[in-house]
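[1] Sequence first, then the predicted structure:
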Amino acid sequence: LAVYAQTVVKPFAELALIDQIRATQAARMRRAGKRARANSPAGLILGIGDDCAVLRPPPGHEVLVTTDFTLEGRHFLRKLHPPESVGHRVLACGLSDLAAMGAKPLAGFLSLALSADLVADRKGRDWLARFFAGFNALAHTHSVPLAGGDTSESPSDHILADIVLLGSAPKGRALRRSTARSGDVLYVTGALGGSAAELASLQQRGKLSTVRLVPSQIDPNLRPHLYPQPRLGVGKALLRRRLATACIDLSDGLSTDLAHLCHESDLGAEIAANALPIHPLAARTADPLLLALHGGEDYELLFAAPPSARIPRSIAGVSIARVGTLTRRKAITLMDAHGQRKPLIAAGWEHFTRAR
Ligand SMILES: [Mg+2]
């Protein structure tokens, strides 16, 4: 768990558990570190077990850093989210930021504040073990070594997880929000609104599924909220093939993240409602468009490309949909199915503040 050698772990009840997780991670990292040293001039040179981790980006690359808080009660509810999902989502939101820049992950650092009950009894330890099963499965999928972090007993009864991810991208080539041009076409990956639709149905049912969800055994397309898939392959391909002029990940919802991209690029946009790829789970709800525009947490990518660019229908196995264009006029508008234009107000998801 979190780690590790950089700090003195607070002496709470189940130090044995922490030591055990730490030893497992340290052994995993030693192997990864040895592999890194042996096989490649880049990557994690020194992981858990020393005062600092040592990373070496590939020659000619820059290091990218992103950090995200996950707070119990705001980003997840223990009564709704299986622990595997919480672990998965902690890592997925950071990886999505790397994907948005076209970066390749170098290493992750995870710090956890644990409520007393998590270390006090068997049930709590089971929760933690399952949290790490979810975290490690996604880390393995994208070859992200956990290279450090910290852990402490929280004075509150809420869990807090803080992830720091480092990635690398060729010098000067990381995809940005600010570099789109007027007339560029806007595209999104995958489908929108699925995460909000799945969350709504989880909330409606109001209790945790008794099924143990093991990420590798489920179809992520059916679990867009519990197990969102960061689009690292798409981001890397956009960068490598020089397809995109700008890119952002859809963490807060299309309306909000499009506004960020427009603001940073000093442009406006026009989106066509009937061009939006609606997730099948959202399509079954009363207002699919609402979820697709404002639902949030889809972790898809929104990118811009010149009208002359030939954008394939799918990249790295993920479908790509053309949804609108960027305009010199600063307004952001939505054209409905009847050709009527109205302002698109940024109204992204606020997690559990409005949802409850
Ligand atoms: Mg982001």
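    Everything's here; your move.
[2] And for residue 315, the neighbour number?
    22 (other C-beta atoms under 10 Å). All C-beta spots, glycine's among them, are computed from the backbone N, C-alpha and C.
[3] And residue 72, how close does it get to residue 174?
    Plainly put, residue 72 is 32 Å away from residue 174 if you go by C-beta to C-beta, to the nearest Å.
[4] quick check, residue 71 in a helix?
    No - Residue 71: not assigned to a helix; according to DSSP: H, G, I helix; E, B strand; the rest coil it is strand.
[5] Can you tell me, leaving aside adjacent residues, what's nearest to it?
    Nearest residue to residue 71, sequence neighbours excluded (C-beta to C-beta, 6 or more residues apart in numbering): residue 160, at 5.5 Å.
[6] number of nearby residues for the one you found?
    A total of 19 residues lie near residue 160 under the criterion other C-beta under 10 Å.
[7] Next, the contact list for it, please.
    69-72, 112-113, 154 (C-beta atoms under 8 Å, 6 or more residues apart in numbering).
[8] Quick check: it vs the ion, distance?
    Separation of residue 160 from the ion (C-beta to the ion, to the nearest Å) stands at 20 Å.
[9] Beta-bridge partners for that residue, please?
    residue 71, residue 113 (DSSP bridges).
[10] And the pLDDT for it?
    Here, the pLDDT recorded for residue 160 equals 95.
[11] ok, and the most crowded of the contacts of residue 160?
    The contacts of residue 160, ranked by neighbours (other C-beta under 10 Å): first place residue 112, 24 neighbours.
[12] so it touches residue 149, yeah?
    Yes - the pair residue 112 / residue 149 is scored as a contact, 7.3 Å apart, by C-beta atoms under 8 Å.
[13] contacting residues around the spatially most central residue of the chain?
    The centroid of the chain falls nearest to residue 93 when counting by C-alpha atoms, centre = their mean (2.1 Å). Residue 93 makes contacts with 68, 70, 163, 251, 299, as judged by C-beta under 8 Å, 6+ apart.
[14] Tabulate the contacts of residue 160 in CSV, adding columns for pLDDT.
    What follows is these, written out as CSV (pLDDT from 0 to 100):
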residue, pLDDT
69, 93
70, 95
71, 94
72, 94
112, 92
113, 91
154, 84
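[15] Mind putting the residues you listed into TSV with distance to the ion?
    Shown next, in TSV, are those (distance: C-beta to the ion, whole Å):
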residue	distance to the ion
69	13
70	14
71	17
72	21
112	22
113	23
154	26
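[16] for these, which one is nearest residue 44?
    residue 112 (20.3 Å; C-beta to C-beta).
[17] any idea how far the closest one is from residue 328?
    47 Å.
[18] Now name the helix or strand holding the residue nearest to the centre of the chain.
    helix 83-100 (DSSP states H and E).
[19] Export that helix to PDB, keeping only CA atoms.
    The C-alpha trace of helix 83-100 is given here as PDB (Å, rounded to 0.1, in the frame of the first residue of the first chain):
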ATOM      1  CA  PRO A  83     -13.500  -1.900  -3.200                       C
ATOM      2  CA  GLU A  84     -12.100  -3.200  -6.500                       C
ATOM      3  CA  SER A  85     -13.900  -0.400  -8.300                       C
ATOM      4  CA  VAL A  86     -12.500   2.200  -5.800                       C
ATOM      5  CA  GLY A  87      -8.900   1.000  -6.400                       C
ATOM      6  CA  HIS A  88      -9.500   0.900 -10.200                       C
ATOM      7  CA  ARG A  89     -11.000   4.400 -10.300                       C
ATOM      8  CA  VAL A  90      -8.200   6.000  -8.200                       C
ATOM      9  CA  LEU A  91      -5.700   4.900 -10.800                       C
ATOM     10  CA  ALA A  92      -8.000   5.400 -13.800                       C
ATOM     11  CA  CYS A  93      -8.600   9.100 -13.300                       C
ATOM     12  CA  GLY A  94      -4.800   9.800 -13.200                       C
ATOM     13  CA  LEU A  95      -4.200   7.600 -16.200                       C
ATOM     14  CA  SER A  96      -6.900   9.400 -18.100                       C
ATOM     15  CA  ASP A  97      -5.000  12.700 -17.600                       C
ATOM     16  CA  LEU A  98      -1.800  11.100 -19.000                       C
ATOM     17  CA  ALA A  99      -3.900   9.700 -21.900                       C
ATOM     18  CA  ALA A 100      -5.200  13.200 -22.700                       C
END
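[20] Just the buried residues of that helix, please?
    83-100 (16 or more other C-beta atoms under 10 Å).
[21] For the stretch 1-150 of the chain, list the residues in contact with the ion, please.
    residue 97 (C-beta under 5 Å from the ion).
[22] burial of residue 182, as a residue count?
    Around residue 182 there are 13 residues (other C-beta under 10 Å).
[23] Apart from its neighbours in sequence, what residue is nearest it?
    residue 328 (4.3 Å).
[24] any idea how far that neighbour is from residue 335?
    17 Å.
[25] ditto for residue 329
    Taking C-beta to C-beta, one finds residue 329 at 14 Å from residue 335.
[26] can you check residue 248 too?
    For residue 248, the distance to residue 335 (C-beta to C-beta) stands at 21 Å.
[27] One more: residue 249?
    Residue 249 is 24 Å from residue 335, by C-beta to C-beta.
[28] and if you look at residue 74?
    Residue 74 is 34 Å from residue 335, by C-beta to C-beta.
[29] more neighbours, those two?
    Shown here are residue 74 and residue 335; by other C-beta under 10 Å, residue 335 has more neighbours (17 against 14).
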